[in-house]
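# Turn this into a structure:
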Amino acid sequence: MAKKNEQAQSVEETEVIGGPEAPEDMRPQSDSVEGYWEDEKSAILCIPRFARVFDGNIVKERPSLLIVVELTAPTTVSLKIEGEDEYDVFTAEKGRMVGVWGKPGMRAIKDLCGVEVWMKRSGVKNTGKGNPMITYDIRAKQLGTRIPITEDTRDYSEGVPTFLEDGYGKRARRGGNAQPQPQPRPRNNQEDVADDEPPF
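Okay, the predicted model is just below:
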């Protein structure tokens, strides 16, 4: 045990010798988010960078999608106050990484990774499936690339695609999880009939 602590300590104490100093106009990079976009309170101007997928918090069998974006203008975000049921709502500054909860109404963002995007909540659409779908006005000067999923910890919702993945629309129209399709009944009550055999 002592050796493990000594090794960890030696890593912390290791200094980089030589090489250039970090330029003053560069800031440290991180994949953590400063807060989460409050789409009811403001529009957002940002560059989508990557996404994370995990089991839903309310319905575990439905995946949750978090798109991590870099702000190109200040916007309103929130962050849960540790140990409380309340949220701190504040303005995150340009250059900060924030999370955007992916919703079906924002599918148009999926191929806009690496380009500047303006997005705001625009309304609701009755889909006939119970809850109406929140819609978004999404604009960009050009297409980017597909937003990559860099972390996928799905367990209960494994195999259920998000709008960033192929097969999303097909499974969504079937009602979420893909159900096994019924097998055709044997012809003339025969258990096995080869494709090249006549059914009699």
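# where does the chain dip in pLDDT?
1-16, 26-31, 169-200 (pLDDT under 70).
# can you give me the strands for it?
Counting by DSSP state E, the segments of the chain that form strands are 36-37, 44-55, 63-71, 75-80, 87-92, 97-101, 117-125, 133-140, 149-152.
# quick one: which of these is nearest residue 162?
strand 63-71 (4.5 Å; CB to CB). Glycine gets a C-beta too; all of them are placed from N, C-alpha and C.
# partner strands of that closest one, parallel or antiparallel?
The strands beside strand 63-71 in its sheet (DSSP bridges) come out as strand 44-55 (antiparallel), strand 97-101 (antiparallel).
# Let me have those strands in CSV, adding mean neighbour count and distance to residue 117 as columns.
Formatted as CSV, those follow (neighbours: other CB atoms under 10 Å; distance: least, CB to CB, whole Å):
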stretch, mean neighbour count, distance to residue 117
strand 44-55, 20, 6
strand 97-101, 19, 10
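# how about those in JSON lines, adding distance to residue 74?
Formatted as JSON lines, these follow (distance: least, CB to CB, whole Å):
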{"stretch": "strand 44-55", "distance to residue 74": "9"}
{"stretch": "strand 97-101", "distance to residue 74": "11"}
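# can you tell which of those strands is closest to residue 123?
Nearest of the strands paired with strand 63-71 (CB to CB): strand 44-55, 16.6 Å.
# so residue 101 sits right up against residue 66, yeah?
Yes - between residue 101 and residue 66 there is a contact at 6.2 Å, judged by CB atoms under 8 Å.
# okay, the strands of the chain in TSV with distance to residue 20 next?
Below are the strands of the chain laid out as TSV (distance: least, CB to CB, whole Å):
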stretch	distance to residue 20
strand 36-37	35
strand 44-55	25
strand 63-71	24
strand 75-80	33
strand 87-92	30
strand 97-101	25
strand 117-125	33
strand 133-140	35
strand 149-152	28
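# Which one of those lies nearest to residue 25?
When the strands of the chain are compared (using CB to CB), the closest one is strand 63-71, at 15.5 Å.
# Centre of the chain to that closest one, how far?
Chain-centre distance of strand 63-71: 5 Å, with CA atoms, centre = their mean, to the nearest Å.
# same check, this time on stretch 136-152
Chain-centre distance of stretch 136-152: 10 Å, with CA atoms, centre = their mean.
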